[in-house]
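Undergrad: here are the coordinates; sequence isn't available:
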DNA sequence: AAAACTCCTTGATGTAGATCAAACAATGAT
DNA sequence: ATCATTGTTTGATCTACATCAAGGAGTTTT
């Protein structure tokens, strides 16, 4: 909730506070959206959508963390996205979803019925445009992640992942110099995001602790001590392209 | 050219034959598009766009094959997309491109000036909608490729790649049972698409030849002998989700 | 027709990270 | 308090693929 307000101040005026669509909606459109809107909650661990499920809703994360992934027949699993507050779920124009969506913490979604939502997309250029913009952002992020999966070392993967978390959580909070950050995923979940095993993730966290880049107060609570060293360890170039 | 006509018969009536936008354009829109359209050609090996280049055009591949990729500072390279005829290049709403686009064969593009094209997107819901649809398709493909990069073995990667080529080239030609297919990329380029080295690619092709799945007449010309074995080798499930 | 490329294959060796295995928290249940 | 359960660390070993190296097979250049 706070997040959306920070990103798009104009959302304050919008009863829906939905990053995707409210920024330039007029009164009629907002009323219409309000009518097809509902909030849904999921407990940590709950599946939200299963591959092949028919999509009766689209929406976005209001609170909590969910993952987007695919499991192969023999059980190998790859996460393909991390859904944090303000991220969109579902695809207007598609009746089915291709990936599994799972709540990793308690999650609240703000949902719109898909059919009427698609009506809105069809008739309202700025909504379609905003969704296109978001889809292209996600596409860039997915492609950057392909570089990570295909070419980066285990250490570079971990560093990139941590840097992404910092960047995403920084938007929400203020510019405090050394904030303690929450690690919303288990070692196993991180591993399946990075194309590694949980043991390798654990060892790399250990190494970065030893190298004075990170400290852990709790297994799921950490601080970045040396941002420069962290960035250096990502293998990305100086300016640091956008990643998720 | 033939390709677009097969995919969207309605494009026959459209002077532009541009899969992205012409399907439901009216006369005014077509005239407008015609005015900002131009064809551009590139020789095999030519860079088409470099990361960070400002995008003055958007467009799509009419003929030839191009690759989309990113090179890390130390030279490691990952391809993140293969651009075949009808594929779109560039992002309305973005002034810069995040990846390198390179012609691997001689390439012809059909280009539109970005600024006026964006005007059209802003004012014409069905164009924005069509672009959204395409972006979501690409996103699904990118995510499937993330599963490949993160979790598949070398053999599975090669099998998946070959199956994708078959699928893409099948749309163009007719349902001939055993067509000879062109391998548009070198071993090195395939390797950088699959997150492997060229030696591993070569060895895996060798193995699949020995196993009676493929035959090569030339290094760049092959036939699939055993489609079932090929699909089995991909590691994907029976129904075979869409991949590029 | 020889030289110089570029691309590909094949072999020998090395290694990052997987796999196997055991023990150690932290949490929650009885 | 004790016992499960779930997540994490750490160690020993293994292996798929990378890396290093050399030679072959087509092209293009001279």
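TA: Nice, I can see it. It should be emphasised that the depicted structure is a prediction, and the values quoted were computed from it without experimental measurement. Residues are numbered from 1 along each chain as shown, chains lettered A, B, ... in the order given.
Undergrad: OK, contacts around the most centrally placed residue in chain A?
TA: The residue lying closest to the centre of chain A (CA atoms, centre = their mean) is residue A:83, at 2.8 Å. With contact taken as CB atoms under 8 Å, 6 or more residues apart in numbering or on different chains, residue A:83 is in contact with A:61, A:65-68, A:89, A:101. (C-beta placed from N, C-alpha, C; glycine too.)
Undergrad: and residue A:157, which of the three is it?
TA: Following DSSP: H, G, I helix; E, B strand; the rest coil, the label given to residue A:157 is helix.
Undergrad: so what's it up against?
TA: Taking CB under 8 Å, 6+ apart as the test, what residue A:157 contacts is A:148, A:194-196, A:204.
Undergrad: same thing but 10 Å
TA: A:145, A:148-149, A:151, A:190-191, A:193-196, A:200-201, A:204, A:233-235 (CB atoms under 10 Å, 6 or more residues apart in numbering or on different chains).
Undergrad: again with residue A:148
TA: A:156-157, A:160-161, A:164, A:193-195, A:234-236, A:243, B:78, B:146, B:149-150 are the contacts of residue A:148 under CB under 10 Å, 6+ apart.
Undergrad: got the contact list for the helix or strand where residue A:205 lies?
TA: Applying DSSP states H and E as the criterion places residue A:205 in helix A:198-210. The set of residues external to helix A:198-210 that reach it, using CB under 10 Å, 6+ apart, is A:153-159, A:161-162, A:183, A:185-194, A:196-197, A:213-216, A:219, A:222, A:224-226, A:229-230, A:233.
Undergrad: which ones are touching residue A:118?
TA: Per CB under 10 Å, 6+ apart, neighbours of residue A:118: A:58, A:92-94, A:112, B:129.
Undergrad: that should have said residue A:143, apologies.
TA: B:68-70, B:78-81, B:98-99, B:138-139, B:142, B:145-146.
Undergrad: residue A:103 now?
TA: For residue A:103, the contacting residues are A:41-48, A:61, A:64-67, A:83, A:109, by CB under 10 Å, 6+ apart.
Undergrad: which of the contacts of residue A:157 sits closest to residue B:133?
TA: Distance to residue B:133 across those (CB to CB) is lowest for residue A:145, with 22.2 Å.
Undergrad: how near is the closest one to DNA strand D?
TA: 18 Å (CB to the nearest atom of the strand, to the nearest Å).
Undergrad: count the neighbours of that residue for me.
TA: 31 (other CB atoms under 10 Å in any protein chain shown).
Undergrad: before we move on, what about residue A:211?
TA: With other CB under 10 Å as criterion, residue A:211 counts 14.
Undergrad: contacts only, for the spatially closest residue to it that is not a sequence neighbour.
TA: Closest residue to residue A:211 apart from its sequence neighbours, by CB to CB, 6 or more residues apart in numbering or on different chains: residue A:229 at 7.1 Å. Going by CB under 10 Å, 6+ apart, residue A:229 touches A:159, A:208, A:211-214.
Undergrad: hmm, 8 Å instead?
TA: So residue A:229 contacts A:211-213 (CB under 8 Å, 6+ apart).
Undergrad: one more: residue A:129?
TA: Neighbouring residues of residue A:129 by CB under 8 Å, 6+ apart: B:93, B:121-122, B:128.
Undergrad: before we move on, what about residue A:70?
TA: Here residue A:70 is in contact with A:51, A:77-78, A:80, A:98-100, B:143-144, B:147 (CB under 8 Å, 6+ apart).
Undergrad: what do you get if the cut-off is 7 Å, keeping everything else the same?
TA: By CB atoms under 7 Å, 6 or more residues apart in numbering or on different chains, the contact set of residue A:70 is A:51, A:78, A:80, A:99-100, B:147.
Undergrad: helix, strand or coil for it?
TA: Applying three-state DSSP: residue A:70 is strand.
Undergrad: how near is it to DNA strand C?
TA: 17 Å.
Undergrad: quick one: furthest residue from the center of chain A?
TA: Distance-from-mean max, chain A, by CA atoms, centre = their mean: residue A:28 at 30.1 Å.
Undergrad: circling back: what pLDDT does the residue nearest to residue A:211 get?
TA: Residue A:229 is assigned 97 on the pLDDT scale.
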